[in-house]
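Q: the following block contains a protein sequence and its predicted model.
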Amino acid sequence: MGGYYIVLALRSSARSKALTTLAIVLLGFGVSACMVSYAVFRATTSDPLPTKSSQLYVPLIDNVGPSYTDQGEPHWSLSYIDAMALWRARKASRLTLLYATKWQLESDNPLVSAMSLGGDAVTADFFSMFDVPFRFGGGWTADDDAHDATVAVISRHLNETLFGGKNSVGQEIRLDGQLFRISGVLGDWNPRPRFFDAGSHGTVYNFDDAGDIYIPFTRATDMKKDSLVVYCPTASWLSDKSNWNGYLHSECDRIDAWVELATPADADHYREYLRNYAAEQQRLGRFSWAPNIRLRNLTDSLVYWDVTPPASTLSMLVSASFLLIVLVNVVGLMLARFMRRAPEIGIRRALGASRAVIYRQFLIEAATMGFVGGLLGVALTLLGVWGAGGLFEPTIARLVHADTSLIALTVLLAMTATVAAALYPTWRAAQTQPAWQIKIN
C-alpha cells in the first residue's frame, strides 16, 4: 500500500510541478543551512577524550585572593608552588603538570633549517593519562622526571620532516642549544579542542594543532623556559624573570595540572585534600582568605572555559530560525497544493475512503517530497561543508567534515520536517465533506 501512495505522490507532483518544485527547493536550502551549521557546532563541541573525560580533572587553587579572581573563580592555571605541592603529594592515581612553550630547534641535517616550534613541558604521566598513541618508542619514566633527563618526544609530522618518517628513537635533536635524545614519536594525535594546556596556551587557540615537542617538565624548568601564557596579579612579579628562582616561587599562575580519578568518591577525596591544602596555606600566612578551590572534570571544564566559538553557536541559531521560516512557507505551499485536490478527496471519501486513509496518503506524499528535498539538501550540505572556510576561521573550518551520519541525518531531518509541516494541511484536507464536493462539481 505504501508503494501505491508513493505512485500517487509522484502523479500529484507531476500535476503541480511549480508548487512541488518550490517546496523541495525551499526545504533543501533550509535543511542544508541547518546541517552545515550543525557540522561546525558538532566539530567544536565534541568530547576530545570520550573514553576518559569523566575521570580526568583540573584542580585549581585560588592563590591570589578575591581581589584578583573572576567572580570568585580561581585562575585557570596554578602557581609553581601549588603545582609542585600537588605533584609531590601524589594523592591521585595519575597526575601531570605541564605548560605550553616554544623551542628553537636545530638539526644536524643541512637540508633542514632551524625552526621555532611549539610544544609542552610535561611530566611522565602525561602520555598515559591522555591515551597518547606512539608510532615509535614511548614516553619517559618518573625517574627521568626526578633526574631532569634530556629526553624528548616528537610529533609524527616533525619526525617526517627531520628523519623522513623513519624510526628516530635514540637520535638526538638540539633544542635551545641543548641536545635531547628522542625517546618516542607520536602517532596520529591531535585532540580537538586542544584542552590539555588551555591555561598556559590560551583558550583563544583552542583549535590549534597540538605541539611538536614534549620534554620533561623538570628539565624545561631548569632551562628557565617560561609558559606562553602567564597570569601575574602584579606586574613586578612578571617583570622580574632575571631572578628565576624568585619568579618561580612568586604567585604567578602559569602551570596546568590534571589528575586522574577513577570514581566520584575518589574525586570527593581529592577535593577534600585540596581544601585542606588551601586551609594549611592560610594557617601558614600565605593566604589571607578562606580556602577557594575547584575540581572539574574534562567535560565540565570545557563548558566553563566556553571553548565553543561564538560564531558556531550563533550560526546554529540563525540557521535553525531560517529552517523554521522555511517550514512555515512549506506549510502554506502544501496547504494550497492539498486543497486544490479537494474534488479528488471528496470522490475518494464518497467511495468509502476513511479520514485515516487520507491522512496516510498525504503524509506519505509529504515524506516522499521530504526525501527528494533531503537529497537536494545533501548536495547543498556537501557544498557548504566544502566552502566552510569562507565563513569560519581556518582552524575551525578544517575540522568540519561530512560523513555518513551527517548525510543520513540531513535526509531524516528533511523528511521529518516535511511530515511535520504537512500535518495541518493534511488535517484540513481530511475535513473535506464528500457531499459538498460532489455537489459543487
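A: Received the coordinates, thanks.
Q: all helices of the stretch 51-200 of the chain, in order?
A: 80-89, 126-129, 142-146, 156-163, 198-201 (DSSP state H, counting those that start in this stretch).
Q: after the lowest-mean-pLDDT helix or strand in the chain comes which helix or strand?
A: Of the helices and strands making up the chain, the lowest-confidence element is helix 235-239, at a mean of 56, by mean pLDDT, DSSP states H and E. Moving toward the C-terminus from helix 235-239, the next helix or strand (DSSP states H and E) is helix 244-248.
Q: what is the burial count for residue 115?
A: Using other Cβ atoms under 10 Å as the criterion, residue 115 is surrounded by 14 other residues. From N, CA and C alone the C-beta is placed, and that goes for glycine too.
Q: what bridges to it?
A: Beta-bridge partners recorded for residue 115 (DSSP bridges): residue 105.
Q: need the pLDDT of it.
A: What the model reports for residue 115 is a pLDDT of 88.
Q: picking that back up, buried deepest among the helices of the stretch 51-200 of the chain, which one?
A: A comparison of the helices of the stretch 51-200 of the chain by mean neighbour count, using mean count of other Cβ atoms under 10 Å, puts helix 198-201 on top with a mean of 25.
Q: which residues sit against the following helix or strand past that one?
A: Scanning forward in sequence from helix 198-201, with DSSP H and E defining helices and strands, the next element found is strand 213-216. Contacts made with strand 213-216 from outside it, assessed by Cβ atoms under 8 Å, 6 or more residues apart in numbering, are listed as 103, 105, 117-124, 126, 139-140, 144-145, 148-155, 158, 175, 180.
Q: tell me the buried residues in strand 213-216?
A: By neighbour count with 16 or more other Cβ atoms under 10 Å, strand 213-216 contains the buried residues 213-216.
Q: restrict the following helix or strand past that strand to CA atoms and write it as PDB.
A: Going down the chain from strand 213-216, the next helix or strand is helix 217-222, by DSSP H and E. The C-alpha atoms that make up helix 217-222 are tabulated as PDB, following Å, rounded to 0.1, in the frame of the first residue of the first chain:
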ATOM      1  CA  PHE A 217      58.700  19.400  33.000                       C
ATOM      2  CA  THR A 218      61.700  19.500  35.400                       C
ATOM      3  CA  ARG A 219      64.200  19.800  32.500                       C
ATOM      4  CA  ALA A 220      62.300  22.800  31.000                       C
ATOM      5  CA  THR A 221      62.200  24.400  34.400                       C
ATOM      6  CA  ASP A 222      65.900  24.000  34.800                       C
END
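Q: just list what helix 217-222 packs against, helices and strands only.
A: With contacts defined as 3 or more Cβ pairs under 8 Å, 6 or more residues apart in numbering; DSSP states H and E, helix 217-222 has these neighbours: strand 94-106, strand 115-122, helix 142-146.
Q: distance to residue 21 added to those, as CSV?
A: Written out in CSV, the entries for those read as follows (distance: least, Cβ to Cβ, whole Å):
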stretch, distance to residue 21
strand 94-106, 54
strand 115-122, 53
helix 142-146, 68
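Q: quick one: low-confidence parts of this structure?
A: In the prediction, the chain carries residues with pLDDT under 70 at positions 1-16, 204, 234-241, 309-312, 338-353, 355, 389-397, 429-430, 432-441.
Q: would you map out the domains in it?
A: As recorded under automatic domain parsing, the domains making up the chain are 2-47+310-440, 63-260.
Q: show residues contacting stretch 299-318.
A: Contacts of stretch 299-318 (Cβ under 8 Å, 6+ apart): 37-38, 40-41, 44-45, 47, 53-54, 58, 76, 193, 195, 198, 203, 206-207, 296, 391-393, 396.
Q: in strands only, show me these.
A: With strands taken from DSSP state E, the overlap with those comprises 58, 296.
Q: among the contacts of stretch 299-318, which ones are buried?
A: Judged by neighbour count, with 16+ other Cβ under 10 Å as the criterion, the buried members of those are 37-38, 40-41, 44-45, 53-54, 58, 76, 193, 195, 198, 203, 206-207, 296, 391-392, 396.
Q: burial of the residue nearest to residue 103 when sequence neighbours are not counted, as a residue count?
A: For residue 103, ignoring the flanking residues on the chain, the nearest one in space by Cβ to Cβ, 6 or more residues apart in numbering is residue 175 at 4.7 Å. Residue 175 has 22 neighbours, counted by other Cβ under 10 Å.
Q: could you do residue 166 as well?
A: For residue 166, the tally of surrounding residues (other Cβ under 10 Å) stands at 12.
Q: mind putting the domains of the chain in CSV, distance to residue 284 included?
A: Shown next, in CSV, are those (distance: least, Cβ to Cβ, whole Å):
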stretch, distance to residue 284
domain 2-47+310-440, 39
domain 63-260, 11
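Q: between those domains, which gets nearest to residue 286?
A: Using Cβ to Cβ as the measure, domain 63-260 is the one of the domains of the chain that comes nearest residue 286, at 7.9 Å.
Q: ends of that closest one, what's the gap?
A: 23 Å (Cα to Cα, to the nearest Å).
Q: what distance separates it from the middle of the whole chain?
A: If you compare the mean C-alpha spot of domain 63-260 with that of the full chain, they lie 22 Å apart, counting by Cα atoms, centre = their mean, to the nearest Å.
Q: and residue 321, how far from residue 419?
A: In this view, residue 321 and residue 419 are 20 Å apart by Cβ to Cβ, to the nearest Å.
Q: actually, residue 28.
A: Distance of residue 28 to residue 419, computed by Cβ to Cβ: 16 Å.
Q: more neighbours: which of those two?
A: More neighbours surround residue 28 than the other of residue 28 and residue 419, with 23 against 18 (other Cβ under 10 Å).
Q: for the more buried one, phi and psi?
A: Taking degrees, to the nearest 10, you get phi -60, psi -40 for the backbone angles of residue 28.
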